[in-house]
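Peer 1: Give me the fold of what follows.
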Amino acid sequence: MTFGPPVERVAHRSVPLPRIVYEPLVHAALLEDLGVAGDVTSEATIPAGAQARASLVSRAQGVLAGLDAALLAFLLLDPGVAIETFVGDGERVENGSRIATIRGDARALLGAERTALNLLSHASGIASATARYVAALPLGSRCTIAETRKTLPGLRALEKYAVRAGGGANHRLRLDDAILIKDNHIAIAGGIAPALDGARLRAGHLMKVEIEVDSLAQLEEVLAHPGGADVILLDNFSVEHLVEAVRRIDGRAIAEASGGVTLASIPAIAATGVDVISIGALTHSVIALDIGLDVESTLGGDRGAKPPRS
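Peer 2: Got it, this is the predicted structure:
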């Protein structure tokens, strides 16, 4: 599937991820890969002090995300590395696109290679999938595509950033930044009314309350509650029931559709008038974008090096 034109209404969301957020992740990934002895293969086969130049190259069409985190892996192993970038996060790449060129200590380049590629490919896969969902929205739609908390442990900040880079929006980041009452909360609390009562007592004036409903009958209970909810998650509703739910909500709360959403169903769901479509698959089962590191030259000649890609 090809990508449509950039979605201007969400372009402001792709704000760079602060280094203080992703640096611990890169540190942990390098420690996991290098272990105690380091890259024994590179140390055994590459002379100390050898220099090399390599390029990050896309092997497929997609949207880039996570480049700063990937490049930090090289910088941490060789603070003197020289980097030149050609595209940035949120930009589209094609098969064969040169993303960045890295020049520095050869051992460091190869020691950081897998960590850099893992982070960059995974984040770019999420950004690419998000861009496809955003492109599937009907022309002129005001609906927003969002992910969920179905993220990999330790990678949530990067994964949610990648959704923004792809043109989507973020759902709540953690358990502490919004109240989301789900079916299990309702069951244990003893019903929708007591769950909403407790939520309204706990929420401050800046904290939103969202509640999940799985039927029009439950929706009516929410709408009849004096405090109500700021957001109503319509879980696994049919298109017909989404239309009716949006009519009943009538702007009194944000209407969010979720559950079983596919790329093919996006146009019909968005046409119902919901404000948000949340999709767990954007993070929990995304396919990584194929990106490689091509060594182009080494100090003293190109012996055994791969030819540069255009």
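Peer 1: how far is the longest helix along the chain from where the chain is centred?
Peer 2: Criterion DSSP state H: the longest helix present in the chain is helix 106-135. Using C-alpha atoms, centre = their mean, to the nearest Å, the mean C-alpha position of helix 106-135 is found 11 Å from that of the whole chain.
Peer 1: Stretch 124-144 too?
Peer 2: 12 Å.
Peer 1: Output that stretch as PDB, restricted to C-alpha atoms.
Peer 2: Coordinates of each C-alpha in stretch 124-144 appear next as PDB, following Å, rounded to 0.1, in the frame of the first residue of the first chain:
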ATOM      1  CA  SER A 124      10.000   2.900  12.100                       C
ATOM      2  CA  GLY A 125       7.800  -0.200  11.800                       C
ATOM      3  CA  ILE A 126       5.300   1.400  14.200                       C
ATOM      4  CA  ALA A 127       5.500   4.800  12.500                       C
ATOM      5  CA  SER A 128       5.000   3.200   9.100                       C
ATOM      6  CA  ALA A 129       1.900   1.200  10.300                       C
ATOM      7  CA  THR A 130       0.500   4.300  11.900                       C
ATOM      8  CA  ALA A 131       0.900   6.300   8.700                       C
ATOM      9  CA  ARG A 132      -1.000   3.600   6.800                       C
ATOM     10  CA  TYR A 133      -3.900   3.800   9.200                       C
ATOM     11  CA  VAL A 134      -3.900   7.600   9.100                       C
ATOM     12  CA  ALA A 135      -3.900   7.500   5.300                       C
ATOM     13  CA  ALA A 136      -6.900   5.200   5.400                       C
ATOM     14  CA  LEU A 137      -9.100   7.800   7.100                       C
ATOM     15  CA  PRO A 138     -11.700   9.400   4.700                       C
ATOM     16  CA  LEU A 139     -10.700  12.700   3.200                       C
ATOM     17  CA  GLY A 140     -11.500  15.500   5.500                       C
ATOM     18  CA  SER A 141     -12.000  13.200   8.500                       C
ATOM     19  CA  ARG A 142     -11.300  14.800  11.900                       C
ATOM     20  CA  CYS A 143     -10.900  11.400  13.500                       C
ATOM     21  CA  THR A 144      -7.600  10.600  15.300                       C
END
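Peer 1: Perfect, I'm done here.
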